[in-house]
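J.: What follows is a predicted structure for the sequence shown.
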Amino acid sequence: MTTPAAPAAPLRALWDRYGRYRTRFTWAVVMSVLNKVADVAPELLIGAAVDVVVRGNDSIVADLLGVDSRYTQLAWLAGINAVIWVVESASEYVAAVLWRGLAQGVEHDLRVEAYDHVQHLDLGWHESRPQGSTLATLNDDVNQLERFLDIGFPAILQTTLNVILVGAVFAASSLQLLVLAFLPIPLIVVGSLVFQRRLEPLYDRVRSAVADLSSALGANLGGIATIKAFTAEDRERTRIEGASAAYRDANAAAIRSSAAFVPLVRMAILAGFTCTLLLGGWATLRGDLEVGLYSVLVFMTQRLLWPLTDVATVLDLYQRGRASAGRILALLAVPVTVPAGHTVLAKPVSGRVELRGVRSGYADGPDVLHGIDLVVPAGETHAIVGPTGSGKSSLLRLVLRFDDPREGTVLLDGQDVRDLDWDSLRGSMGYVAQDVFLFAGTLADNIAYGAPGATRDDVRRAAARAAALDVINALPEGLDTHVGERGVTLSGGQRQRLALARALLRDPALLVLDEATSAVDNETEAAIQRSLADVAARTTALVVAHRLSTVRHADRIWVLEAGRIVESGTHDELISADGSYAALWRVQTGDAVAR
Ligand SMILES: Nc1ncnc2c1ncn2[C@@H]1O[C@H](COP(=O)(O)OP(=O)(O)OP(=O)(O)O)[C@@H](O)[C@H]1O
C-alpha cells in the first residue's frame, strides 16, 4: 500500500485546512507590517534632522509643524522618534508572539491529527512502511513546518515589505536612484534561486547521509547483544565510522558552496551602494537632490539590500516547509482500508466465532489462507496448530480484524465483523500477541491497560489467574515497579504472564491467544492451564500453540498446513486418525523415536 501523492499546492491546502487560524494570521500580518513601517521610519527621521540642520526655517519639518526654531524642530523629531521606537518594540513583541503561537498551534494540531490518523490506519499499512519514515513525518516534518511558519514566512513578509516601503521612498525621491538601487535585486533573487538549486542535491546528500547514520546507530543499539555475541564491535565501529564520514563529507561539500553565497551578495550590495553614494552625491552637489534626502537614500540602499542576503535561507525554509507540509498531508490522505462498522453487538457477547470460505493474503502477495471454514461455538476452547508459516497467526488476525479476507466472511456472534464497531468487536476480546509489548509505566498500568477503571484487587486477581503474582511479588515495588519501554527488565516468560493478565482483566467474551505461553516453563504453564480451565468455563477461546500439550484438552483442534485445514477434532480423535497431528504429537512427546 503506497502513500498518496502530496497535493500540488501543499501550503495552500494547509491554509484551507486551518481556517480557524486565519484571524490570528491576519493579526500577525498586521503587526509585522506595523513593525516594518516603524523600522523604516527612523531613517526618514535622520533625513528630516539633516534637513532641519541644513535648511532651518525652510525645512520640511518647519513646513509641516509650523515651528521655526531648529531646536524645537529637533525636539519634535526626537519625540516622534521615541514614539516610533515604542511602536516598533511593541509591534515586534506582539508579532513574534503571534507568529510563534500560530506556528506552534498548527504544529500541535497537525501532529495530533496525523498521529490519530496513523493509529487508525490498518496494521498492514504499518507493516508495509518503515517505522522510521512514519516517525520522521510525525516529528521532523511537523517541526520543519513549524520553523517555516515561525521564521520563514515572517521573513518573506518582512523582506517583501522592506522592498515595497524602501522602494516607495526612492520612487518619491529620485527615479534614477530607484533604478540604480533596485538593480541588484533581480540579480540577488535570481542568483539565490540558482544557488539554491545548486545546493539542493548537496543538502539531499546531507539528509540521506544523516538518515543512514541514524538508522545504522539505531539498528546497532537495538542489536547490541548480537554485536557482542559475535564480537563484531570492530566491524561495526568501522561501519559507523564510514557512515559518519559520509555525513561529514556531505556536510562539508554543502558548507563549501553555501558559504560562498553571502560574499557574492555582498558584491551586488556594494555595487548598488556605490551607485547611490556616488550618483546621489553628484546630484546633491548639482542641487538636484536635497542633502537630507541624499543621506536617507544612502542609508536606505543598505537597508534595502542587506535583508536580501537571507533570500537563499528563506527560500530553503520555504521549500522544506512546502515539502514537509506535502508529506504530512499525504499521510493524512492515506485511506483507512479496514474501517469500523456501526453495528453494536447485543450484550452479553457469547464469543462465537465462525469463518466461512475465507481466503486471505497480504498486500499483493499470494494467498496465505485458502477456503477456511471453521466454527468455535460459544464457551468452547479451540486450538489451531500446524507447522511454522502455515497461517495460524494470519487466521487470528482476521478474527481481530487487523486484516479483512480477500474472500469469505468472519463472524462474531453471527455478525460479519466488517459491520461491527471496534468496541463490539475488539472490546469483546482479550488478545495476547506472539511478541508481547509492555508500555513504559508500572506493572499495574500495564495489566490494567485494557481496563483503565480496574481496581488494584481486579489487577491482582487477573495476575493470579495468569500465574503472574510471583513475578510481581519478586519485584522490589510489586505492582508499582516501572518496566522499560519494551519491558526489558523482564524475561520473555514473565512478560507473557503479564500480557495474559492484561487480557484476562478485560473479562473478555473471546480470548485470543497467539503462542501466549510459549516462553514459560512447563510448571508455570500447568498453573496457567489450571486457571485458564476455570476461565474457559465462562469464555470462548481461540488458541494458537506450537507445544501441543498446551492444547490437548481443547474442545477441538484445527490442524493447518500451508494455509489449509487438513484435519480437526479432539486430541483423542486426532491421535486415532493418525494423521498430521498424531505425527506432530509423536515428535513432541518423543514417541516418534521409539516407534
Ligand atoms: N504481515 C505480513 N505481511 C506479509 N506476509 C505475512 C505477514 N505475516 C505473515 N505473513 C506470511 O504469511 C504466511 C503465514 O504466516 P503466519 O505468521 O500466519 O504463520 P504461523 O503459522 O502463525 O507461523 P508461526 O508458527 O511461525 O508463527 C507466511 O508465509 C508469512 O510469510
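T.: That came through fine.

J.: separation between residue 65 and residue 57?
T.: Counting by C-beta to C-beta, to the nearest Å, the gap from residue 65 to residue 57 is 12 Å. C-beta: built from backbone N, CA, C; applies to glycine.

J.: scratch that, residue 552 is what I was asking about
T.: Separation of residue 552 from residue 57 (C-beta to C-beta) stands at 114 Å.

J.: which of those two has more neighbours?
T.: Neighbour tally, residue 552 and residue 57, criterion other C-beta atoms under 10 Å: the higher count belongs to residue 552, 17 against 12.

J.: Helix, strand, or coil at the more buried one?
T.: Under DSSP: H, G, I helix; E, B strand; the rest coil, the three-state class of residue 552 is coil.

J.: Start at 350, not 1
T.: Renumbered: residue one is now 350, and that last one reads residue 901.

J.: Report the contact partners of residue 650.
T.: Contact partners of residue 650, counting by C-beta atoms under 8 Å, 6 or more residues apart in numbering, are 530, 618, 621-622, 625-626.

J.: Please identify which helix or strand holds it.
T.: Here residue 650 is covered by helix 640-654, with elements defined by DSSP states H and E.

J.: Kindly export that helix (C-alpha atoms) in CSV.
T.: Provided in CSV are the C-alpha atoms of helix 640-654 (Å, rounded to 0.1, in the frame of the first residue of the first chain):
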residue,chain,number,x,y,z
VAL,A,640,21.0,66.9,1.4
GLY,A,641,18.6,65.3,3.9
LEU,A,642,17.2,63.1,1.2
TYR,A,643,20.6,62.1,0.0
SER,A,644,21.6,60.9,3.5
VAL,A,645,18.3,58.9,3.7
LEU,A,646,18.9,57.2,0.4
VAL,A,647,22.4,56.2,1.2
PHE,A,648,21.2,54.5,4.4
MET,A,649,18.2,53.1,2.6
THR,A,650,20.3,51.3,0.0
GLN,A,651,21.9,49.3,2.7
ARG,A,652,18.5,48.8,4.4
LEU,A,653,17.0,47.6,1.1
LEU,A,654,19.7,45.2,0.1
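
J.: Show me what counts as buried in that helix.
T.: 641-654 (16 or more other C-beta atoms under 10 Å).

J.: Need the single longest helix in the protein, by residues.
T.: Secondary structure assigned by DSSP state H gives helix 419-469 as the longest helix of the chain.

J.: helices or strands up against the next helix-or-strand element following that helix?
T.: Where DSSP H and E defines the elements, the next helix or strand beyond helix 419-469 is helix 472-477. Judged by 3 or more C-beta pairs under 8 Å, 6 or more residues apart in numbering; DSSP states H and E, helix 472-477 is in contact with no other helix or strand.

J.: And the residue nearest the centre of this protein?
T.: When the chain is reduced to its mean C-alpha position, the closest residue under C-alpha atoms, centre = their mean turns out to be residue 487, at 1.0 Å.

J.: That one should be in a helix, yeah?
T.: Yes - the assignment for residue 487 by three-state DSSP puts it in a helix.

J.: ok, it to residue 688 distance?
T.: Here the criterion is C-beta to C-beta. By it, residue 487 lies 22 Å from residue 688.

J.: And for residue 780?
T.: Note on residue 780: its distance to residue 688, by C-beta to C-beta, is 20 Å.

J.: who touches residue 799 in this structure?
T.: Residues counted as contacts of residue 799 (C-beta under 8 Å, 6+ apart) are 779, 851-852, 854-855.

J.: Run a quick neighbour tally on the residue of the stretch 550-699 of the chain found nearest the ligand.
T.: Of all residues in the stretch 550-699 of the chain, residue 687 sits closest to the ligand, with a separation of 13.5 Å (C-beta to the nearest ligand atom). Close neighbours of residue 687, defined as other C-beta under 10 Å, add up to 16.

J.: now do residue 806
T.: Residue 806 is surrounded by 8 other residues when neighbours are defined as other C-beta under 10 Å.

J.: sorry, back to before: any chance of the contacts of residue 799 in a markdown table, plus neighbour count?
T.: Output for the contacts of residue 799, formatted as a markdown table (neighbours: other C-beta atoms under 10 Å):
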| residue | neighbour count |
| --- | --- |
| 779 | 26 |
| 851 | 25 |
| 852 | 25 |
| 854 | 22 |
| 855 | 20 |
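
J.: Spell out which parts of this structure neighbour the ligand.
T.: 476, 711, 714, 717, 735, 737-743 (C-beta under 6 Å from any ligand atom).

J.: Just the buried ones from those, in PyMOL syntax?
T.: Buried residues within the residues of the chain next to the ligand, by 16+ other C-beta under 10 Å, are selected in PyMOL with:
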select buried, resi 717+735+739+740+741+742+743
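
J.: Now do the same contact list for residue 840.
T.: Neighbouring residues of residue 840 by C-beta under 8 Å, 6+ apart: residue 868.

J.: so after the helix holding residue 650, what's the next helix or strand?
T.: Using DSSP H and E, the helix or strand that follows helix 640-654 towards the C-terminus is helix 660-681.

J.: tell me which strands and helices that following helix is in contact with?
T.: helix 359-366, helix 419-469, helix 491-496, helix 502-522, helix 533-571.

J.: any idea how far that helix is from the chain center?
T.: Once both centres are worked out by C-alpha atoms, centre = their mean, to the nearest Å, helix 660-681 turns out to sit 15 Å from its chain's centre.

J.: Great, nothing more from me.
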